[in-house]
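1. My questions concern the predicted model and sequence given below.
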Amino acid sequence: MQTVCVFGSSSESIEKEFLDSAEHLGRTLARRGKKVVFGAGRYGIMGAVARGVTAGGGKLIGVSPRFFIDMDVLVDNAYDMIYTDTMRERKAIMEETSDAFIICAGGIGTFEEFFEVLTLKQLGRHQKPIIIYNCLGYYDELIAMMNASVEKSFMSRNVNRLYSVALTEEEVFDQLDNYREFHYNKYD
């Protein structure tokens, strides 16, 4: 797994611990020789990961719709910057160019990115690892909602085997290093 996609918040209003952990994650990805694909933002979790990757001498691949250029929110130090016309195209490129996904703390955009890669995996479109980095318990309620969906039969228990949850950065890399594909067909 040489190219890792990191999804995360673009907010600067979040607690410093989230930003610090994201920057450290970026440094560690770079130190491990991973290229990082991300949404090209310079703020929030995205910006912190980018700073970490850059500080660690790694390669950043930014993917952004062109309309973000005028918003002046993009990093200027990506090894490669790919521009798209739409957010849908942006996600497709991020998904196609990545070998794994790390879901850091984020809001509605991050949720949408997570659920898209999870849905695609459920439908057999990829077998890439999806790791929720549950820093400071941020995703506890989401995980509880996923479990409630299973308990109420809205989704199979097997869906929860399509992603993993890491509480620490060490667990993130342990799960990447020891990933085993799990094939599941919701229609069987």
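-> Right, received. Where do you want to start?

2. which residues does the closest residue to Gly41 other than its chain neighbours contact?
-> Among residues not flanking Gly41 along the chain, Ser10 sits closest, at 4.5 Å (Cβ to Cβ, 6 or more residues apart in numbering). Where C-beta positions appear, they are placed from N, C-alpha and C, glycine not excepted. Neighbouring residues of Ser10 by Cβ atoms under 8 Å, 6 or more residues apart in numbering: 39, 41, 43-47, 73, 106, 109.

3. just checking, which of those residues belong to helices?
-> Of these, the ones assigned to helices by DSSP state H are 44-47, 109.

4. Most neighbours among the contacts of Ser10, which one?
-> Ile45 (32 neighbours; other Cβ atoms under 10 Å).

5. From the contact counts, what lies against the longest strand seen in the chain?
-> Of all segments of type strand in the chain, defined using DSSP state E, the longest is strand 59-65. Applying 3 or more Cβ pairs under 8 Å, 6 or more residues apart in numbering; DSSP states H and E, one finds that strand 59-65 contacts strand 35-38, helix 44-55, strand 80-84, helix 87-97.

6. Could you tell me the angle between it and helix 44-55?
-> 150 degrees (axes from the mean of the first three to the mean of the last three Cα atoms, to 10 degrees).

7. Give the burial count for Phe101, as a bare number.
-> Neighbours around Phe101, by other Cβ under 10 Å: 25.

8. where's it, which helix or strand?
-> Assigned by DSSP states H and E, Phe101 belongs to strand 100-103.

9. For that strand, name the packing helices and strands.
-> strand 3-7, helix 108-122, strand 130-133.

10. now the longest one, how far from the centre of its chain.
-> When C-alpha coordinates are averaged (Cα atoms, centre = their mean, to the nearest Å), helix 108-122 and its chain have centres 9 Å apart.

11. any idea of the mean pLDDT for it?
-> Across helix 108-122, the average pLDDT comes to 96.

12. one step back: can you tell me which of the contacts of Ser10 lies closest to Val150?
-> Gly106 (23.0 Å; Cβ to Cβ).

13. With adjacent residues omitted, what lies nearest to that closest one?
-> Ser9 (4.0 Å).

14. Pull the residues that contact the helix or strand just after the longest strand of the chain.
-> Sequence-wise, the next helix or strand downstream of strand 59-65 (DSSP H and E) is helix 67-71. Residues from elsewhere that reach helix 67-71, judged by Cβ under 8 Å, 6+ apart: 40-41, 74, 83.

15. What residues sit buried inside helix 67-71?
-> Counting neighbours by 16 or more other Cβ atoms under 10 Å, one finds that the buried residues in helix 67-71 are Phe68.

16. For it, output the C-alpha coordinates as PDB.
-> Taking Å, rounded to 0.1, in the frame of the first residue of the first chain, the C-alpha atoms of helix 67-71 are listed here in PDB:
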ATOM      1  CA  PHE A  67     -13.800  26.300  -7.900                       C
ATOM      2  CA  PHE A  68     -11.600  26.000  -4.700                       C
ATOM      3  CA  ILE A  69      -8.900  28.000  -6.500                       C
ATOM      4  CA  ASP A  70     -10.900  31.200  -6.200                       C
ATOM      5  CA  MET A  71     -11.700  30.400  -2.500                       C
END
